[in-house]
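Asks: just a sequence and a predicted model for now, questions to come.
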Amino acid sequence: MHTSLLIIKQEHLRLAALLQCLDGIMRDVAAARLEPDFELYYAVIGYLETFLFRYHHPKEDQFLFPRLRERCSDAEALTRDLEQQHERGYVLLDGLRNSLQMYERHGGEEQRDDFERAVHAYHTYEWEHMRIEESELLPLVLEHLTEDDWREIDREFSSNADPLFGEETKEEFRRLFREIANRAPAPHGLG
Ligand SMILES: [Fe+2]
Ligand SMILES: [Fe+2]
């Protein structure tokens, strides 16, 4: 498989694992099996924000979508939709952070329910977005991109020279991911 596609799929899996972890913890908190761990919630949201802003979406927006549009005019609507979904994701993440701040400040059941709803809304959005990318976008790029396109895109995706995707950034993300995994109680840890 092309390196860039492998990277996208691995990053989707990682996002899905984080969201599952947060969801499971929220369920246990709602059932009074766990105490809320605000530091962990902030760590997950911070990871999602930086991961998506600096790492995942820019690669799709800058390299994959424009090249597909060049090769396949039918992909215009789909890639524009996906770009808009990226923007919407940032708004939903903002909502998640705001509801978490309210929950931390006031700590009531109502605020906890609001935060839970925001987690659910974000989870549903991200799941659907990844589903569309994997089931509609990836088959199109596989069909229309040329070998030269793949060489270039694979190089960009795995480039260590770019400060955005460099080794230091990767190491920072690995460290943050490990931290969250270690802090999340069983059975919700990321292993
Ligand atoms: Fe995306
Ligand atoms: Fe994606």
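Replies: The structure has been received and is ready for your questions. Ligands and ions are numbered 1, 2, ... in the order given.
Asks: next, give phi and psi for the spatially closest residue to H56 that is not a sequence neighbour.
Replies: Nearest residue to H56 in three dimensions, chain neighbours excluded: E11, at 5.1 Å (Cβ to Cβ, 6 or more residues apart in numbering). Placement of C-beta: from N, CA and C, glycine included. The phi/psi pair for E11 (degrees, to the nearest 10) reads phi -70, psi -40.
Asks: please apply the same query to L34.
Replies: phi -140, psi 150.
Asks: where in this structure is pLDDT low?
Replies: Applying pLDDT under 70 to the chain picks out residues 160-174, 189-191.
Asks: contacting residues for the residue nearest to H56?
Replies: F51, Y55, H56 (Cβ atoms under 8 Å, 6 or more residues apart in numbering).
Asks: grab the most central residue of the protein for me.
Replies: L15 (4.6 Å; Cα atoms, centre = their mean).
Asks: for this protein, just list every one of the helices.
Replies: Counting by DSSP state H, the chain has helices at residues 3-30, 38-50, 57-59, 65-71, 76-106, 109-132, 138-144, 147-157, 167-183.
Asks: okay, now S4: neighbour count?
Replies: S4 has 23 neighbours, counted by other Cβ atoms under 10 Å.
Asks: and L176, by the same measure?
Replies: 16.
Asks: now it. Nearest residue, chain neighbours left out?
Replies: Y47 (5.1 Å).
Asks: verify the stated contact: that neighbour with I180.
Replies: Yes: Y47 is in contact with I180 according to Cβ atoms under 8 Å; the separation is 6.2 Å.
Asks: now do the shared contacts for these two.
Replies: Joint contacts of Y47 and I180 (Cβ under 8 Å, 6+ apart) are L18.
Asks: which residues touch the nearest residue to P185 once chain neighbours are set aside?
Replies: Counting by Cβ to Cβ, 6+ apart, L34 is the residue found nearest to P185 once chain neighbours are left out, at 6.4 Å. Shown in contact with L34 (Cβ under 8 Å, 6+ apart): I25, D28, P185.
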